[in-house]
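Enquirer: below: sequence and its predicted model.
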Amino acid sequence: MVEKKKTSRYSPEFRERAVRLLDEHRSDYPSLSAACREIGGKLGCSGDSLYDWWKQARRDAGGAQPGATKAETARIKALEREVRELRQANEILKKASAYFAQAELDRPFRK
């Protein structure tokens, strides 16, 4: 199975600026969701995206947001890929071992 790399419409710099803008002007709105909706609309992104970026920024900064940081997520993906590759290699080795064991049994006995 080939994984497609997800490309983002928004650059990391744009996301950082959007989150910084949200942090600076959050108090001007009655709630966080209202701030995300309004500021996201002005920036040309959805309020949900801005909220997700804000939560990820809090995680990465060591805030109280639950979940994995970007570095942890990247490490988990790399480890999952390694486990998948090792399992494939293990299956190949098991099949090769069985093949050679069968070949050894089929060989004529020598005295």
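Expert: Structure's in. What do you need?
Enquirer: can I see the domain layout of this structure?
Expert: For the chain, automatic domain parsing gives the domain ranges 9-67, 68-111.
Enquirer: out of those domains, deepest packed?
Expert: domain 9-67 (a mean of 14; mean count of other CB atoms under 10 Å). The way it works is simple: take the backbone N, C-alpha and C, and place the C-beta from them, glycine included.
Enquirer: quick one: average pLDDT of that domain?
Expert: In this model, domain 9-67 has a mean pLDDT of 90.
Enquirer: any idea how far that domain is from the middle of the chain?
Expert: How far domain 9-67 lies from its chain's middle: 19 Å, per CA atoms, centre = their mean, to the nearest Å.
Enquirer: any idea which element residue 35 lies in?
Expert: For residue 35, the element it lies in under DSSP states H and E is helix 32-43.
Enquirer: after that helix, which helix or strand is next? Please name it.
Expert: helix 47-60.
Enquirer: tilt between that following helix and helix 32-43?
Expert: Using axes from the mean of the first three to the mean of the last three CA atoms, to 10 degrees, the inter-axis angle of helix 47-60 relative to helix 32-43 is 110 degrees.
Enquirer: tell me the helices and strands packed up against the helix or strand where residue 102 lies.
Expert: Here residue 102 sits within helix 70-106, counting by DSSP H and E. Helix 70-106 is packed against helix 47-60, with contacts defined by 3 or more CB pairs under 8 Å, 6 or more residues apart in numbering; DSSP states H and E.
Enquirer: which residues does the helix holding residue 35 contact?
Expert: The contact list for helix 32-43 (CB atoms under 8 Å, 6 or more residues apart in numbering) reads 14, 18, 21-22, 25-26, 28-29, 46-51, 54.
Enquirer: isn't residue 59 right up against residue 67?
Expert: Yes: if you go by CB atoms under 8 Å, residue 59 and residue 67 touch, sitting 5.3 Å apart.
Enquirer: alpha carbons of stretch 83-96, as CSV, please.
Expert: Extracted in CSV, the C-alpha atoms of stretch 83-96 (Å, rounded to 0.1, in the frame of the first residue of the first chain):
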residue,chain,number,x,y,z
VAL,A,83,7.6,-2.0,11.9
ARG,A,84,5.7,-2.6,8.6
GLU,A,85,9.0,-3.1,6.8
LEU,A,86,10.4,-5.5,9.5
ARG,A,87,7.2,-7.5,9.3
GLN,A,88,7.5,-7.9,5.6
ALA,A,89,11.2,-8.9,5.9
ASN,A,90,10.2,-11.4,8.6
GLU,A,91,7.6,-12.9,6.3
ILE,A,92,10.1,-13.3,3.5
LEU,A,93,12.6,-14.9,5.9
LYS,A,94,10.0,-17.4,7.1
LYS,A,95,9.1,-18.4,3.6
ALA,A,96,12.7,-18.8,2.6
